[in-house]
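Peer 1: pasting the structure only:
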């Protein structure tokens, strides 16, 4: 694979959204020649190109004198040099390192007496967190609870300062929630269709080694993938085998399962699994659980980047029941991406 210049990244052609979109709409010889000049290798049968920073998402500008692309709703997202990046040199145990998955969030609710954390989410930009709709509306949320804050940069919920083997992280951030946006087609039913929501924070989050955004799968090739059999990770502070919650952030590796197989399992209890959902797990004691709702099913889709593939919606009781995978809202579903983009862009 060839080396790209400092302001470019070698990516699949369709991940260089500005150029890819223009090629689909105006496939002339000038653009074809431009693509050839930017070629940096192959990933199997997929061509790779040196995509300049400004073309990681669609923008109206030019490259090598050629006008390329129009501004896209995805422009609000952090680019691939910022999102989904973490140090993967740590332990492979279920106990995370201090800086593992630094986009994982905790949702804090004010209750009649005190407050507490009862759902999860992931940071997707400096201002927005992705979570489940049932964490912000519907019968699963007691009427007396009010979502007030999102906590970022947390590792051990009972410690003021998180430390591990002599290394310490800064205090976690508690950011007020300015606006709650559940998917407009979410209806609290047993099927939990469109179980996804955005939280707009009151101010921008400062990124650090312990607080970073995860990527969203905006590339067309990722939106089409089923991820069946792919290894994913989930992380959070939800219920474990021995405790109602975990004080420390844990992680598990799961595999996405065939939708038809998942459907045949959940039909036994009268639930439907649609194309907008993805199932993963189903092994003994390895799955998301109570308290993990809204957390992300995460896939490492490049050497550097992790992306939010699903949002945890529901699963079997007890959690980790063999043969019963967890059910996640598929972030790669086109209407889900559209809901995220349209709202966020309208507020920029």
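Peer 2: Perfect, I can see it now. Bear in mind the structure is a predicted one, so any value in this text is a computation, not a measurement.
Peer 1: quick one: residue 122 is in a helix?
Peer 2: No - read with DSSP: H, G, I helix; E, B strand; the rest coil, residue 122 is strand and lies in no helix.
Peer 1: how many neighbours does it have?
Peer 2: 28 (other CB atoms under 10 Å). Any C-beta I mention is one placed from the backbone N, CA and C, and that applies to glycine too.
Peer 1: I'd guessed it sits against residue 308; true?
Peer 2: Yes - applying CB atoms under 8 Å, one finds residue 122 in contact with residue 308, separated by 5.4 Å.
Peer 1: give me the most central residue, this protein.
Peer 2: residue 308 (2.2 Å; CA atoms, centre = their mean).
Peer 1: and the strand or helix carrying that residue, average pLDDT?
Peer 2: Assigned by DSSP states H and E, residue 308 belongs to strand 306-314. What strand 306-314 shows for mean pLDDT is 93.
Peer 1: the next helix or strand after that strand versus strand 306-314: what angle between them?
Peer 2: For strand 306-314, the succeeding helix or strand toward the C-terminus, using DSSP H and E, is strand 326-330. Angle between the axes of strand 326-330 and strand 306-314 is 120 degrees (criterion: axes from the mean of the first three to the mean of the last three CA atoms, to 10 degrees).
Peer 1: so what touches strand 326-330?
Peer 2: 132, 192, 194-196, 234, 254, 262, 266, 273, 275-282, 287-288, 297, 309-316, 336 (CB atoms under 8 Å, 6 or more residues apart in numbering).
Peer 1: distance between the strand holding residue 308 and the chain's centre?
Peer 2: 6 Å (CA atoms, centre = their mean, to the nearest Å).
Peer 1: give the buried residues for that strand.
Peer 2: Neighbour counts over strand 306-314 (16 or more other CB atoms under 10 Å) mark 306-314 as buried.
Peer 1: got it, and stretch 203-222?
Peer 2: For stretch 203-222, by 16+ other CB under 10 Å, it's 205, 207, 210-220, 222.
Peer 1: pull the most distant pair out of those.
Peer 2: 210 and 220 (32.4 Å; CB to CB).
Peer 1: which parts of the stretch 201-348 of the chain are helices?
Peer 2: Listed in chain order, the helices of the stretch 201-348 of the chain (DSSP state H, counting those that start in this stretch) span residues 220-224, 259-266, 334-347.
Peer 1: from the chain's centroid, how far away is the first one?
Peer 2: I take that to be helix 220-224. 15 Å.
Peer 1: who touches it?
Peer 2: So helix 220-224 is contacted by 12, 14-15, 20, 46, 217, 301, 307, 332-334, 337 (CB under 8 Å, 6+ apart).
Peer 1: same thing but at 6 Å, please
Peer 2: 14, 332 (CB atoms under 6 Å, 6 or more residues apart in numbering).
Peer 1: show me the domain layout of this protein.
Peer 2: Listed by automatic domain parsing, the domain ranges of the chain are 8-71, 104-214+335-347, 220-334.
Peer 1: contacting residues for residue 185?
Peer 2: residue 194.
Peer 1: intersection of neighbour lists for residue 122 and residue 308?
Peer 2: With CB under 6 Å, 6+ apart, residue 122 and residue 308 have common neighbours 214, 296.
Peer 1: for the stretch 151-300 of the chain, what spans make up the strands?
Peer 2: Ranges of strands in the stretch 151-300 of the chain, per DSSP state E, counting those that start in this stretch, are 163-164, 167-168, 173-182, 197-201, 231-236, 250-257, 277-280, 296-300.
Peer 1: count of neighbours near residue 315?
Peer 2: 24.
Peer 1: repeat that for residue 50.
Peer 2: Neighbours of residue 50 using other CB under 10 Å come to 20.
Peer 1: residues contacting it?
Peer 2: Residue 50 touches 4, 8, 10, 38, 40, counting by CB under 6 Å, 6+ apart.
Peer 1: bridged to the closest residue to residue 173 other than its chain neighbours, which residues?
Peer 2: Once flanking residues are discounted, residue 173 sits nearest to residue 152: 4.8 Å by CB to CB, 6 or more residues apart in numbering. Residue 152 has these beta-bridge partners by DSSP bridges: residue 105, residue 173.
Peer 1: residues in contact with residue 152?
Peer 2: 105, 173, 211.
Peer 1: give me the pLDDT for the first one.
Peer 2: I take that to be residue 105. So, for residue 105, pLDDT stands at 94.
Peer 1: please apply the same query to the last one.
Peer 2: At residue 211, the model reports a pLDDT of 94.
Peer 1: surely it and residue 153 touch.
Peer 2: Yes - between residue 211 and residue 153 there is a contact at 4.6 Å, judged by CB atoms under 6 Å.
Peer 1: what is the most widely separated pair among the buried residues of strand 306-314?
Peer 2: Longest span within the buried residues of strand 306-314, CB to CB: 306 and 314, 23.1 Å.
Peer 1: and residue 263, how many neighbours?
Peer 2: 15.
Peer 1: likewise for residue 231?
Peer 2: With other CB under 10 Å as criterion, residue 231 counts 12.
Peer 1: what sits against it?
Peer 2: Contacts of residue 231 (CB under 6 Å, 6+ apart): 253, 255.
Peer 1: so, low pLDDT: which residues of the stretch 1-150 of the chain?
Peer 2: 1-2, 5-7, 17-18, 21-22, 24-28, 53-76, 88-93 (pLDDT under 70).
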